[in-house]
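Visitor: Sharing a model that was predicted from the sequence below.
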Amino acid sequence: MLAALVAAVPILAAVAAAPAWSAPKPEKNAPPKQVPVAPDTKTNPDAFRYFVVGSTIHAIQDSIGDGEYFAARRLFEAGYFDSSIAVFQDFTMRHPRNLRVSEAIEHILLIRQNREPGDEALKTYAQTMALQDTGLADSAAAMARGALARYPSTRIRYHFQYYLALAARDKGDHAAAIQYALFVADSTSKSRLAPYALKLAGDETIAMGQDPAKALRMFQALLERYPDSPLAPPVRAQVLEIRKKLQL
């Protein structure tokens, strides 16, 4: 440490001797600076490309702005969806390098794509997430099952099913995890969670000790239906590994 301090002395001396910096004076009659405005995600279906691209310009590496993210999350869990979207969007624009940007975008998409009259099912899903966040996983799973019974045709039913698949996986109930995951992965669901559900079902099939050919079919379906999914590269590696084992 002493050597580092000695080495730093010339640098500190140079900084101290440097002339003080002053901000440049604005030009007279200069036009006002244009501040970019986020697109309206409600009227423009492609607007989220703006957020996704903006969040990947810099390496996502810091936690500055976490307070805003959690404020938006609390609004979401309380059922104040419009206010939650506004705060999530502001957080995403102000802190594009934050580690939680992708989660914020996911929440915005979740709300936008699952609004229904009264938002009762969406509110129940938000409450389920609130229970999960506080460590009450069993209560969260019970609420999710109750929601599927009360709202069997709700838009957000696939999110409830995927949550129950994850909950079953975490408990080691491979059969239940596969069952719920395949509901989500069905080609008629058109759910954004479908590729993740296929991956989960395949992984659980292997964990259950079943015929690896079954998992192979699920992984191949993922690659055929969602070739551009971020899951595609690791799944291709799994497919190659399973094929090698089946040839032995």
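Guide: Everything's here; your move. Numbering: from 1, shown residues only.

Visitor: nearest residue to the residue nearest the centre of the chain other than its sequence neighbours?
Guide: The centroid of the chain falls nearest to E103 when counting by CA atoms, centre = their mean (3.7 Å). Distance criterion CB to CB, 6 or more residues apart in numbering; nearest residue to E103, sequence neighbours excluded, is Y69 at 7.4 Å. C-betas here are computed from N, CA, C, even on glycine.

Visitor: How about A137?
Guide: A167 (6.3 Å).

Visitor: Now do the contacts for that neighbour.
Guide: A167 is in contact with 137, 140-141, 144, counting by CB atoms under 8 Å, 6 or more residues apart in numbering.

Visitor: ditto for R192
Guide: 109, 113.

Visitor: Relative to R94, how far out is it?
Guide: Taken as CB to CB, to the nearest Å, the spacing of R192 relative to R94 amounts to 25 Å.

Visitor: Quick one: find the helix or strand in the protein with the lowest mean pLDDT.
Guide: Ranking every helix and strand in the chain by mean pLDDT, DSSP states H and E puts helix 2-17 at the bottom, with a mean of 41.

Visitor: Please, which helix or strand holds the residue nearest to E103?
Guide: Y69 belongs to helix 66-77 when assigned by DSSP states H and E.

Visitor: pull the CA atoms of that helix into CSV?
Guide: Taking Å, rounded to 0.1, in the frame of the first residue of the first chain, the C-alpha atoms of helix 66-77 are listed here in CSV:
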residue,chain,number,x,y,z
ASP,A,66,-32.5,0.2,-7.8
GLY,A,67,-34.7,2.4,-5.7
GLU,A,68,-36.8,3.4,-8.7
TYR,A,69,-37.1,-0.2,-9.8
PHE,A,70,-38.4,-1.4,-6.4
ALA,A,71,-40.8,1.5,-6.2
ALA,A,72,-42.2,0.4,-9.6
ARG,A,73,-42.3,-3.2,-8.4
ARG,A,74,-44.3,-2.2,-5.3
LEU,A,75,-46.8,-0.3,-7.4
PHE,A,76,-47.2,-3.4,-9.6
GLU,A,77,-47.7,-5.7,-6.6
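
Visitor: hang on, S83 in a helix?
Guide: Yes. Judged by DSSP: H, G, I helix; E, B strand; the rest coil, S83 forms part of a helix.

Visitor: With adjacent residues omitted, what lies nearest to it?
Guide: Spatial nearest neighbour of S83, chain neighbours left out: L75 (4.9 Å); criterion: CB to CB, 6+ apart.

Visitor: Verify the contact between that neighbour and D82 for me.
Guide: No. Taking contacts as CB atoms under 8 Å, L75 lies outside contact range of D82: 9.0 Å.

Visitor: what about these two, which has more around it?
Guide: L75 (20 against 10; other CB atoms under 10 Å).

Visitor: Show the pLDDT at the more buried one.
Guide: L75 carries a pLDDT value of 97.

Visitor: one step back: what helix or strand is the residue nearest to the centre of the chain on?
Guide: For E103, the host element (DSSP H and E) is helix 101-113.

Visitor: Quick one: list the elements packing against that helix.
Guide: Applying 3 or more CB pairs under 8 Å, 6 or more residues apart in numbering; DSSP states H and E, we find helix 101-113 packed against helix 48-55, helix 66-77, helix 81-94.
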